[in-house]
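Colleague: Next one to model:
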Amino acid sequence: MSTRLFLLVLCLSIAIGKAVGQGHSITGYTDEDLNPILLFNDASDQNYTMGLGFGFASPWLNESLVLRPLQLLNRKILGCKFMTNEHTYDYSSSLSLNGTAFTPDDLRATAPVVGDRPYAFLLVLSTKTAYLKSDQNLFVFGELNVGALGLQLGKHVQTWIHEGMNDGDTKPPYTPRGWNLQVANGFSPALLYSLGFEKLLFPKHTLPGNRSYFDLKYGGQAMAGYYTGIQGSIALRAGLLDRRSWTRSFNPLGSMNKGGAAEKSVTPLSNDRAKFELYAFASVRPTVMLYNTMLHGSFWRKSAYTLNFEDTQPFFLEWSAGINTLIPLNPKDKYRSIDLSWVVNAGRTSELRTSYGRSHLWGAILLGYNF
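Modeller: A predicted model of the protein is given here:
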C-alpha cells in the first residue's frame, strides 16, 4: 500500500508541471565488473559489483513539484542573480531510479572479513537540474538523491547472477554468503545533495557547422550526505563531435548521477538537429572523501560490521574511458536520436588503508533514446 501511495504522489507531482520547451530522453544503464562489459582487467564481480538504473529527462520536470526541493537548494546557493541571468539557460531536468552494490573480496565468507569493505546496497530516487551559462562556457549541475540502504534487493540480484554462472558454486563468481552483514541491514534512509560545475577549455568559440574533433574541460563537485567530500575533474573527447554536446558526462559512479541526466546533445541555444557523433572519451577525477556511508555505516541504523575512519583512505583517484555514438533518426526532427555509450574501463584507487587495500575496476553500458 505504501509503495502504491508513493508512486501515485510521484506521478501527480510530475503531472502538475508545465512544459517549458522540447526534448526528452529515456535512459537505462548498467555498471558491472564482469567481462565483456569491463575490459583490460580480470573481472570477478566483487568490490563495486553492480549498478543499474533507469531515468527520464524532460522540460516537463523543470517546474514539477518533485524537482522543487532541489531547485530551492540550488537557488539558495547559486543566488537569484545567476538563475535569472539572461545568459543562463535551463537544461531538461531528470528523474531516475538507481541501485548500486558493493561487496568484500571473499564472497564465500559468512563472518565479517575484518579489514575489508562491508557489503552495502543503496537504492535512490535521483533528481537533477542543470544550467548553461553561455557567455562563459560554464555548465552547472545540482543533484538531490533520496533513498534507502540495507534493502535485500542487492542480495537477490547478485545471487541470481552468480548462481547462473558458477556451476553450483564450484567456480567464480561465487555465490555471496555475507549479505546479512550489509551496512544498515533491513533499512536506513539515505540522502545526498551535490552541486558541481564544468568549464570548457577548448574549443572556446563556436565552429562552422558545430562540428569539432576534440574538446577539453575541467570541473569540480561538492557532495554532502551518504557521500561527503569534494571532487575535481578533467575530461576530454576525440573523434566526430557535435561541439554543443561538450556538457555530456561519463562518470559511471560519481554521486549516483546517471539515468536521464540533463546532458542533452542539443543545447537550448540551438534550433539545429543533433549531429552524428562517434568518439572516444576519458576523464580523471581526484577525490577527497570525508565520509562514505557504505564504508563507515549509517547514522540511522547500527550495522554488524563497518570500517573505522583510520582504516579508510580519504584521498583517491577515479578514472573512466570509453566510446560513444549518437545516431540521429529523423532529419526533420532535431531531437529524435539514439545514444549509446560503453565505458570499457573505469576505476578507483584503494579506499582502504588495511592489508585488503586494492583498486577496483568496472565497465558500463548506457543506452538512451532522445525525442
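
Colleague: shaky segments in the stretch 1-150 of the chain?
Modeller: For the stretch 1-150 of the chain, applying pLDDT under 70 flags the ranges 1-22, 34-49.

Colleague: change it to 90
Modeller: For the stretch 1-150 of the chain, the stretches with pLDDT under 90 are 1-23, 30-52, 63, 80-92, 105, 134-135.

Colleague: Equivalent analysis for the stretch 151-300 of the chain, please.
Modeller: Ranges of the stretch 151-300 of the chain meeting pLDDT under 90: 161, 165, 172-173, 204-210, 243-244, 248-275.

Colleague: Which parts of it are strands?
Modeller: 188-202, 211-225, 227-242, 277-292 (DSSP state E, counting those that start in this stretch).

Colleague: just checking, what packs against the first one?
Modeller: The helices and strands touching strand 188-202, judged by 3 or more Cβ pairs under 8 Å, 6 or more residues apart in numbering; DSSP states H and E, are helix 68-78, strand 120-133, strand 138-149, strand 211-225, strand 227-242. Placement of C-beta: from N, CA and C, glycine included.

Colleague: before we move on, back to that, of the strands of the stretch 151-300 of the chain, give the one that comes closest to residue 118.
Modeller: strand 277-292 (10.9 Å; Cβ to Cβ).

Colleague: buried residues in that closest one?
Modeller: 277, 279, 281, 283, 285, 287, 289, 291-292 (16 or more other Cβ atoms under 10 Å).

Colleague: What of stretch 173-183?
Modeller: Buried-residue list, stretch 173-183, by 16+ other Cβ under 10 Å: 173-179, 181-183.

Colleague: and which of the residues you listed is nearest to residue 243?
Modeller: Nearest member of these to residue 243, counting by Cβ to Cβ, is residue 173, at 42.3 Å.

Colleague: I'd guessed that closest one sits against residue 167; true?
Modeller: No: counting by Cβ atoms under 8 Å, residue 173 does not reach residue 167; the two are 11.0 Å apart.

Colleague: Show me which residues of stretch 156-163 are buried.
Modeller: 157-158, 161-162.

Colleague: can you give me how far that stretch is from the chain middle?
Modeller: Centre-to-centre, stretch 156-163 and its host chain are 23 Å apart (Cα atoms, centre = their mean, to the nearest Å).

Colleague: just use 34 as the starting number from now, easier for me
Modeller: From this message on, residue numbering opens at 34, which makes the last subject stretch 189-196.

Colleague: Just the residues contacting that stretch, thanks.
Modeller: For stretch 189-196, the external contacting residues (Cβ atoms under 8 Å, 6 or more residues apart in numbering) are 78, 82-83, 85, 132, 134, 136, 140, 202, 206-209, 212.

Colleague: Start and end of stretch 134-143, how far apart?
Modeller: By Cα to Cα, to the nearest Å, the extent of stretch 134-143 from end to end equals 18 Å.

Colleague: on that earlier part again, output the contacts of stretch 189-196 in a markdown table; the columns should cover distance to residue 104.
Modeller: Compiled in a markdown table, the contacts of stretch 189-196 are given as follows (distance: Cβ to Cβ, whole Å):
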| residue | distance to residue 104 |
| --- | --- |
| 78 | 38 |
| 82 | 34 |
| 83 | 31 |
| 85 | 27 |
| 132 | 25 |
| 134 | 30 |
| 136 | 36 |
| 140 | 42 |
| 202 | 49 |
| 206 | 42 |
| 207 | 46 |
| 208 | 44 |
| 209 | 40 |
| 212 | 37 |
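
Colleague: Which of those residues fall within helices?
Modeller: Nothing among these maps onto helices, per DSSP state H.

Colleague: Could you single out the nearest of the buried residues of stretch 206-216 to residue 56?
Modeller: Checking the buried residues of stretch 206-216 one by one against residue 56 (Cβ to Cβ), the nearest turns out to be residue 216, at 38.5 Å.

Colleague: nearest residue to the closest one other than its sequence neighbours?
Modeller: residue 153 (4.4 Å; Cβ to Cβ, 6 or more residues apart in numbering).

Colleague: What number of residues are in the vicinity of the one you found?
Modeller: A count of neighbours around residue 153, defined by other Cβ atoms under 10 Å, yields 29.

Colleague: contacting residues for it?
Modeller: Here residue 153 is in contact with 134-135, 182, 187, 215-216, 326-328 (criterion: Cβ under 8 Å, 6+ apart).

Colleague: Thank you, goodbye.
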